[in-house]
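# okay, structure incoming, though there's no sequence with it:
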């Protein structure tokens, strides 16, 4: 299996006629994702890489049938309008690519999504890929590279860093360990699906045997993963790396969400909580394949 996205996922792209939308539409289509339509107001009737463009989500779905997910490539100030349009049309997953989405806009999107039993990934995410099945967003850069770097397997990868999402998956592939799904949750302080939610998806996935997690300072996502393990809600083995070891309180580490406030969200807090829950926390990402191998052999 896989989580969130597979061969049956039907995708629309909002903002498909923009610079990023065009490039990433090609990536997704070339990878094999079922991209059924694009949406840009005022550009209906055009095509992008053979994908028909419509003026609205409602028009796209009326013409092409239901969509599972919308990948949104619009300016940050227009994300709310685009996401709410998709949710109102019955789309059950929005992938919010842009960063700097206004926080109150995001909170409104998440509230509407929850009321409609839908989910959002991001904002500030590269997206996700279930190797050999489908890709949403911009992860991997090019379809050829994505096929080379990511291979089907038993390791679920989730990360708060876009670059490290790809790097960890690449090193796992080079060591002979494929991935069930690869998810970048986004680097902002508030996101839709965070690490605690993603690991619970992996817990329910038959293909996933080991979870690899890349965390960093700021927020309490990693501590909440540790809580899930302590509560018996996450039983699959986890290997984790935490970035930002040298950062001091008040320091922002790369991402908007990676900032320590007092003792909350610190490297020490995250490592202590995870290790007490039985997670193998490594000091180098290059150690990850070795411990994944040990855990897979043990299973």
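Right, received. Where do you want to start? Note that the structure is predicted; figures quoted are calculated from it, not measured.
# now do the contacts for residue 92.
By Cβ atoms under 8 Å, 6 or more residues apart in numbering, the contact list for residue 92 reads 68-69, 116-119. No exception for glycine: its C-beta is placed from N, CA and C like everyone else's.
# out of the residues you listed, grab the one that's most surrounded.
Highest neighbour count within the contacts of residue 92: residue 69, with 26 neighbours (other Cβ atoms under 10 Å).
# OK, contacts around the closest residue in space to that one that isn't next to it in sequence?
Excluding the flanking residues, the one nearest residue 69 by Cβ to Cβ, 6 or more residues apart in numbering is residue 93, at 4.2 Å. Shown in contact with residue 93 (Cβ under 8 Å, 6+ apart): 4, 68-70, 118-121.
# could you dump the residues you listed to CSV with distance to residue 105?
Output for the contacts of residue 93, formatted as CSV (distance: Cβ to Cβ, whole Å):
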residue, distance to residue 105
4, 23
68, 23
69, 20
70, 16
118, 16
119, 17
120, 12
121, 16
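# quick one: which of these sit in strands?
69-70, 119-121 (DSSP state E).
# distance check, the residue nearest to residue 69 against residue 212.
As defined by Cβ to Cβ, to the nearest Å, residue 93 lies at a distance of 22 Å from residue 212.
# if I pick the residue sitting furthest away from the middle of the chain, what's in contact with it?
Residue farthest from the centre of the chain, counting by Cα atoms, centre = their mean, is residue 45 at 30.9 Å. Residue 45 is in contact with residue 53, counting by Cβ under 8 Å, 6+ apart.
# list phi and psi for it.
Dihedral pair for residue 45: phi 100, psi -10, per degrees, to the nearest 10.
# tell me how far it lies from residue 38.
With distances taken as Cβ to Cβ, residue 45 is found 11 Å from residue 38.
# find residues that contact each of these two.
residue 53.
# hmm, back to that, looking at the ones in strands among the contacts of residue 93, which is nearest residue 97?
Nearest to residue 97, judged by Cβ to Cβ, of the ones in strands among the contacts of residue 93 is residue 121 at 9.3 Å.
# wait, that closest one touches residue 185, no?
Yes. Between residue 121 and residue 185 there is a contact under Cβ atoms under 8 Å: 6.9 Å.
# which residues in the stretch 1-150 of the chain form strands?
With DSSP state E, counting those that start in this stretch as the definition, the stretch 1-150 of the chain shows strands at residue ranges 10-14, 34-39, 47-48, 51-54, 69-72, 93-96, 119-121, 127-130, 134-137.
# in JSON lines, list those strands along with mean pLDDT.
Formatted as JSON lines, these follow (pLDDT from 0 to 100):
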{"stretch": "strand 10-14", "mean pLDDT": "98"}
{"stretch": "strand 34-39", "mean pLDDT": "98"}
{"stretch": "strand 47-48", "mean pLDDT": "98"}
{"stretch": "strand 51-54", "mean pLDDT": "98"}
{"stretch": "strand 69-72", "mean pLDDT": "98"}
{"stretch": "strand 93-96", "mean pLDDT": "98"}
{"stretch": "strand 119-121", "mean pLDDT": "98"}
{"stretch": "strand 127-130", "mean pLDDT": "98"}
{"stretch": "strand 134-137", "mean pLDDT": "98"}
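# need those in TSV (columns: distance to residue 103).
Formatted as TSV, the strands of the stretch 1-150 of the chain follow (distance: least, Cβ to Cβ, whole Å):
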stretch	distance to residue 103
strand 10-14	21
strand 34-39	25
strand 47-48	31
strand 51-54	30
strand 69-72	17
strand 93-96	13
strand 119-121	14
strand 127-130	21
strand 134-137	21
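# of those strands, which is nearest residue 230?
Once the strands of the stretch 1-150 of the chain are compared by Cβ to Cβ, strand 119-121 is nearest, at 24.7 Å.
# starting at the chain centroid, how far to that closest one?
How far strand 119-121 lies from its chain's middle: 9 Å, per Cα atoms, centre = their mean, to the nearest Å.
# which residues touch that strand?
Contacts of strand 119-121 (Cβ under 8 Å, 6+ apart): 4, 83, 92-96, 109-110, 113, 127-128, 136, 183, 185-186, 191-193, 197.
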